[in-house]
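1. No letters, just coordinates:
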DNA sequence: ACCTGAACACCGTTCAAGT
DNA sequence: ACCTGAACACCGTTCAAGT
């Protein structure tokens, strides 16, 4: 966990970046591409890929780490600029924009629930939502007993929506429904 | 599609059943078991398995067809016995009870959104929910513009919940939230 | 310290040969 | 009509040999 202590040798660093770059596109195109084919496309031996990413999950996690980071950083920025409920809703919208990488992201977040190692990614994500929820609670606008993990689970429908106009309309409808459900009636 | 026209030869029928029986347990234990190992455990050659189920998806679908059928049949029964909103809620509860097979069920339903062949399974499921929703709408208790597919998508959080006490509590909370969200405020 | 690529056990899938 | 099981191409993963 945390950050690596020693910097990578420059050739290793380059390999790592090339692998991630190739993997991002390959996984977006079809989530079942073989790791060997990714290694080949990145111009490295399979052993090199495995040195950097000991298994498929690790590679997928590496690919999505950046995008998740962006999402996490967005939360405090939105809170600073908008009323609490608006910030929450805007964050939902952004979450919906992860087009082709959606499915992989879902896998990572889901796996993170069970897998210790992956909590590294799951944690910040839950943290971002928690931030948004707390700022809503401060003005008593959210129902009691709902936590950040609840919301992330609810948002999971996003990964299963088909892209396009119809999908966006559906997402909008469900966001509205969830926002209504979140707003206190039990308070 | 629809039903097969000719009955299977009796040995073929037996093989089919043995394969499904073994597959049900194997897939529940770990979703990634190889088809060859399932064939072996069922005491048939790999070719036989492929004759009955041309790919992994077909096998998984075969396994879950029965459980989905039960769920679908439950909808009208609940409507007959309970007020509309109660029937809907009770159906949700039953949906939550598919313990170890949850994840596979999710895969089937998700794949069905994109795959023509699988609509056979997806359709009745959506139909059951539609039935429940219509009976609620008849008494104007459901918000406008929400359809059965919306609800099935929302229910998707169930597949990602961890089993046990904590999971059940979470499911209860989220069901309440969704039920509140479903109830008309926009009407 | 890192990379290469041959090698291993295993996978999904096919198909000639049987009954 | 259906089953068997050897066979094929390919997969994830390892590791001795190189730089």
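-> Good, I have the coordinates. Since this is a predicted model, take the numbers as computed values, not measurements.

2. use CA for all of it now, contacts and neighbours both
-> Noted.

3. ok, the residue sitting nearest the centre point of chain A - contacts?
-> Centroid-nearest residue in chain A: residue A:68, 4.2 Å away (criterion: CA atoms, centre = their mean). Counting by CA atoms under 8 Å, 6 or more residues apart in numbering or on different chains, residue A:68 touches A:121, A:125.

4. at contact distance from DNA strand C, anything in the host helix or strand of it?
-> Using DSSP states H and E, residue A:68 falls within helix A:56-81. No. Shown here: helix A:56-81 not in contact with DNA strand C (CA under 7 Å from any atom of the strand), separated by at least 14.2 Å.

5. same question, stretch A:21-32
-> No. Judged by CA under 7 Å from any atom of the strand, stretch A:21-32 makes no contact with DNA strand C; its nearest approach is 11.6 Å.

6. what comes into contact with that stretch?
-> Contacts of stretch A:21-32 (CA under 8 Å, 6+ apart): A:33, A:38, A:41, A:42, A:59, A:60, A:63, A:100, A:101, A:104.

7. For those, pick the one with the most neighbours.
-> residue A:38 (24 neighbours; other CA atoms under 10 Å in any protein chain shown).

8. if I look at it, how far off is DNA strand C?
-> Residue A:38 sits 12 Å away from DNA strand C, taking CA to the nearest atom of the strand, to the nearest Å as the criterion.

9. and if you look at residue A:67?
-> Separation of residue A:67 from DNA strand C (CA to the nearest atom of the strand): 24 Å.

10. What of residue A:80?
-> Per CA to the nearest atom of the strand, residue A:80 is found 40 Å from DNA strand C.

11. how distant is the worst-scoring helix or strand of chain A on mean pLDDT from the center of its chain?
-> Across the helices and strands of chain A, mean confidence by mean pLDDT, DSSP states H and E is lowest for helix A:102-114: a mean of 72. For helix A:102-114, the gap between its own C-alpha mean and the chain's C-alpha mean amounts to 8 Å (CA atoms, centre = their mean, to the nearest Å).

12. likewise stretch A:68-82?
-> That offset, for stretch A:68-82, works out to 13 Å (CA atoms, centre = their mean).

13. which residues sit in contact with residue A:161?
-> So, once contact is read as CA under 8 Å, 6+ apart, residue A:161 ends up touching A:167, A:171, B:153.

14. To be precise, which single item in these has the lowest pLDDT?
-> Note: of the contacts of residue A:161, the lowest pLDDT belongs to residue A:167, at 86.

15. Helix, strand, or coil at that one?
-> helix (DSSP: H, G, I helix; E, B strand; the rest coil).

16. Apart from its neighbours in sequence, what residue is nearest it?
-> Of all residues not flanking residue A:167 in the chain, residue A:161 sits nearest, at 5.8 Å (CA to CA, 6 or more residues apart in numbering or on different chains).
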